[in-house]
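[1] I'd like to go over a predicted model; first the sequence, then the structure.
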Amino acid sequence: MFLGELEEVLEATQEPEFQRCMVPLFRQIARCLNSSHFQVAERSLFLWNNDHVRNLITLNRKMILPIIFPALERNLRGHWNQAVQGLTLNVRKLFLDADQELFEECSLRFQESEAKEKEKRKAKLTWERLEDIAASKAISKEAVLVSQKFSFLGIPSSTSPRMAAGT
């Protein structure tokens, strides 16, 4: 219902008004694109079927595509509904045909962002494993092996009074 009413409002919207609200609007539309409820995702993709709305989007693609590109890619890679994936391909093609350079730039940024996220997840998993190992060793009272010849400062220690006095 929201998306249907939104389309009606956009149909009557001129470019200056559209430009004032397009950034927060397309952040919300990006969330709708990725909805697991196929009718929400599908209806948001149908916005591009409206000539006036598509024209507004095309005229402002330099601001809009970077906002929705990740949502489009996530749909292609993992939306469960085939119709949503097909509509997503159509919308992607519209942007690619309108401005290939911008599309490729957004694609590169998305790939870089995905690589960074993958590295973050990998580092987090590594730390979680280390914490689990440390916790299991603490529970089993197994400690890290520390040589008795050195104190925690790395200074030789001895039970002999002369060694301790430095003589």
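    Nice, thanks for sending it over.
[2] mean confidence for stretch 133-142?
    Averaged across stretch 133-142, the pLDDT comes to 77.
[3] How far off centre is that stretch?
    Centroid separation between stretch 133-142 and its chain, computed with Cα atoms, centre = their mean, to the nearest Å, is 35 Å.
[4] Grab the CA positions of that stretch and hand them over as CSV.
    Output in CSV follows, covering the C-alpha atoms of stretch 133-142 (Å, rounded to 0.1, in the frame of the first residue of the first chain):
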residue,chain,number,x,y,z
ILE,A,133,40.7,-21.4,23.3
ALA,A,134,41.7,-19.1,26.1
ALA,A,135,38.4,-19.8,28.0
SER,A,136,38.8,-23.6,27.6
LYS,A,137,42.3,-23.5,28.9
ALA,A,138,41.3,-21.4,31.8
ILE,A,139,38.5,-23.9,32.6
SER,A,140,40.8,-26.9,32.3
LYS,A,141,43.4,-25.0,34.4
GLU,A,142,45.8,-25.4,31.5
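[5] Packing partners of the strand or helix carrying residue 126?
    Secondary structure assignment for residue 126, by DSSP states H and E: helix 100-139. Packing partners of helix 100-139 (3 or more Cβ pairs under 8 Å, 6 or more residues apart in numbering; DSSP states H and E): helix 61-78, helix 82-98. (Each C-beta comes from the backbone N, C-alpha and C, glycine too.)
[6] buried stuff in the shortest one?
    Neighbour counts over helix 82-98 (16 or more other Cβ atoms under 10 Å) mark 84, 85, 87, 88, 91, 92, 95 as buried.
[7] what does it contact?
    Helix 82-98 is contacted by residues 33, 38, 41-42, 45-46, 48, 54, 58, 61, 65, 69, 72, 75-76, 79, 102-103 when judged by Cβ atoms under 8 Å, 6 or more residues apart in numbering.
[8] try 7 Å this time
    38, 41-42, 45, 48, 58, 61, 65, 72, 75-76, 79, 103 (Cβ atoms under 7 Å, 6 or more residues apart in numbering).
[9] how far is that helix from where the chain is centred?
    Relative to its parent chain, helix 82-98 has a centroid offset of 20 Å by Cα atoms, centre = their mean.
[10] cool, stretch 25-40 as well?
    Relative to its chain's centre, stretch 25-40 lies at 15 Å (Cα atoms, centre = their mean).
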